[in-house]
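Asker: got a predicted model here, sequence first, then my questions.
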Amino acid sequence: MARLCRPLSSDGAQAQAWGYRELALRCHVARGVMFDEYAADPDSALHALDEAAEILGTDPVLSRARAKVLYRRKDHAGALAILRVRRTQTELNIP
(Lines give C-alpha, C1' and ligand atoms only; values in the text may rest on other atoms or scores of the structure.)
Protein backbone atom coordinates (compact mmCIF):
# COMPACT_ATOMS: atom_id res chain seq x y z
CA MET A 1 0.00 0.00 0.00
CA ALA A 2 2.88 2.37 0.75
CA ARG A 3 3.96 2.03 -2.88
CA LEU A 4 0.47 3.03 -4.04
CA CYS A 5 0.37 6.05 -1.72
CA ARG A 6 3.77 7.39 -2.78
CA PRO A 7 2.38 9.27 -5.83
CA LEU A 8 -0.07 11.14 -3.59
CA SER A 9 2.85 12.33 -1.48
CA SER A 10 4.80 13.54 -4.50
CA ASP A 11 1.65 15.11 -5.98
CA GLY A 12 1.17 16.99 -2.71
CA ALA A 13 4.75 18.22 -2.82
CA GLN A 14 4.34 19.33 -6.44
CA ALA A 15 1.08 21.15 -5.66
CA GLN A 16 2.80 22.93 -2.79
CA ALA A 17 5.71 23.89 -5.03
CA TRP A 18 3.23 25.41 -7.49
CA GLY A 19 1.59 27.37 -4.69
CA TYR A 20 -1.62 25.32 -4.57
CA ARG A 21 -1.88 24.76 -0.83
CA GLU A 22 -5.48 23.47 -0.92
CA LEU A 23 -4.59 20.86 -3.53
CA ALA A 24 -1.52 19.85 -1.52
CA LEU A 25 -3.70 19.42 1.57
CA ARG A 26 -6.18 17.24 -0.32
CA CYS A 27 -3.37 15.04 -1.69
CA HIS A 28 -2.03 14.45 1.80
CA VAL A 29 -5.51 13.75 3.19
CA ALA A 30 -6.16 11.30 0.34
CA ARG A 31 -2.94 9.52 1.27
CA GLY A 32 -4.19 9.24 4.86
CA VAL A 33 -7.54 7.89 3.67
CA MET A 34 -5.79 5.27 1.54
CA PHE A 35 -3.83 4.02 4.55
CA ASP A 36 -6.79 4.17 6.93
CA GLU A 37 -9.72 2.91 4.87
CA TYR A 38 -8.11 0.73 2.23
CA ALA A 39 -5.03 -0.64 3.95
CA ALA A 40 -6.65 -0.77 7.41
CA ASP A 41 -3.50 0.89 8.79
CA PRO A 42 -4.58 3.84 10.94
CA ASP A 43 -1.08 4.32 12.37
CA SER A 44 0.33 4.96 8.89
CA ALA A 45 -2.62 7.26 8.18
CA LEU A 46 -1.88 9.33 11.27
CA HIS A 47 1.82 9.36 10.37
CA ALA A 48 0.98 10.61 6.86
CA LEU A 49 -1.15 13.40 8.35
CA ASP A 50 1.65 14.29 10.78
CA GLU A 51 4.06 14.55 7.83
CA ALA A 52 1.57 16.82 6.06
CA ALA A 53 1.34 19.06 9.13
CA GLU A 54 5.15 19.31 9.25
CA ILE A 55 5.22 20.37 5.61
CA LEU A 56 2.12 22.58 5.44
CA GLY A 57 1.56 23.57 9.06
CA THR A 58 -1.59 23.01 11.03
CA ASP A 59 -4.84 23.25 9.12
CA PRO A 60 -8.50 22.46 9.84
CA VAL A 61 -8.53 20.04 6.89
CA LEU A 62 -5.76 17.98 8.50
CA SER A 63 -7.43 18.17 11.91
CA ARG A 64 -10.71 16.83 10.52
CA ALA A 65 -8.88 14.05 8.67
CA ARG A 66 -7.05 13.10 11.88
CA ALA A 67 -10.36 13.09 13.80
CA LYS A 68 -11.90 10.79 11.18
CA VAL A 69 -9.03 8.31 11.54
CA LEU A 70 -9.41 8.29 15.32
CA TYR A 71 -13.18 7.87 15.02
CA ARG A 72 -12.78 4.89 12.67
CA ARG A 73 -10.41 3.23 15.14
CA LYS A 74 -13.11 3.74 17.82
CA ASP A 75 -11.14 6.42 19.67
CA HIS A 76 -14.22 8.59 19.94
CA ALA A 77 -12.83 10.64 22.84
CA GLY A 78 -9.69 11.48 20.86
CA ALA A 79 -11.71 12.45 17.79
CA LEU A 80 -14.04 14.60 19.86
CA ALA A 81 -11.10 16.35 21.54
CA ILE A 82 -9.66 17.33 18.15
CA LEU A 83 -13.01 18.58 16.93
CA ARG A 84 -13.56 20.59 20.11
CA VAL A 85 -10.16 22.26 19.77
CA ARG A 86 -10.92 23.11 16.13
CA ARG A 87 -14.32 24.53 17.10
CA THR A 88 -12.74 26.72 19.78
CA GLN A 89 -10.07 27.91 17.37
CA THR A 90 -12.71 28.69 14.77
CA GLU A 91 -14.78 30.65 17.27
CA LEU A 92 -11.70 32.65 18.26
CA ASN A 93 -10.70 33.06 14.60
CA ILE A 94 -7.40 31.23 15.15
CA PRO A 95 -6.14 29.39 12.02
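Answerer: Here it is on my side, so go on. Residues are numbered from 1 along each chain as shown.
Asker: hang on, residue 48 packs against residue 28?
Answerer: Yes. Taking C-beta atoms under 8 Å as the definition, residue 48 is a contact partner of residue 28 at 6.6 Å. Just so you know, the C-beta spots here come from the backbone N, C-alpha and C atoms, and that holds for glycine as well.
Asker: just for the protein, where's the confidence low?
Answerer: Regions of the chain meeting the criterion pLDDT under 70 cover residues 1-9, 89-95.
Asker: so which residues of it form helices?
Answerer: Using DSSP state H, the helices of the chain run over residues 2-17, 21-33, 42-56, 60-72, 76-91.
Asker: tilt between the last one and helix 60-72?
Answerer: Between helix 76-91 and helix 60-72, the angle formed by their directions is 160 degrees, by axes from the mean of the first three to the mean of the last three C-alpha atoms, to 10 degrees.
Asker: equivalent analysis for the second one, please.
Answerer: With the same axes, to 10 degrees as the criterion, the two stretches helix 21-33 and helix 60-72 enclose an angle of 10 degrees.
Asker: give the buried residues for helix 21-33.
Answerer: Judged by neighbour count (16 or more other C-beta atoms under 10 Å), helix 21-33 contains these buried residues: 24, 25, 26, 27, 28, 29, 30, 31, 32, 33.
Asker: give the contact list for the first one.
Answerer: Residues near residue 24 by C-beta atoms under 8 Å, 6 or more residues apart in numbering: 12, 13, 15, 16, 55, 56.
Asker: recalculate using a threshold of 10 Å.
Answerer: Each residue near residue 24 by C-beta atoms under 10 Å, 6 or more residues apart in numbering is listed here: 11, 12, 13, 14, 15, 16, 17, 18, 52, 55, 56, 59.
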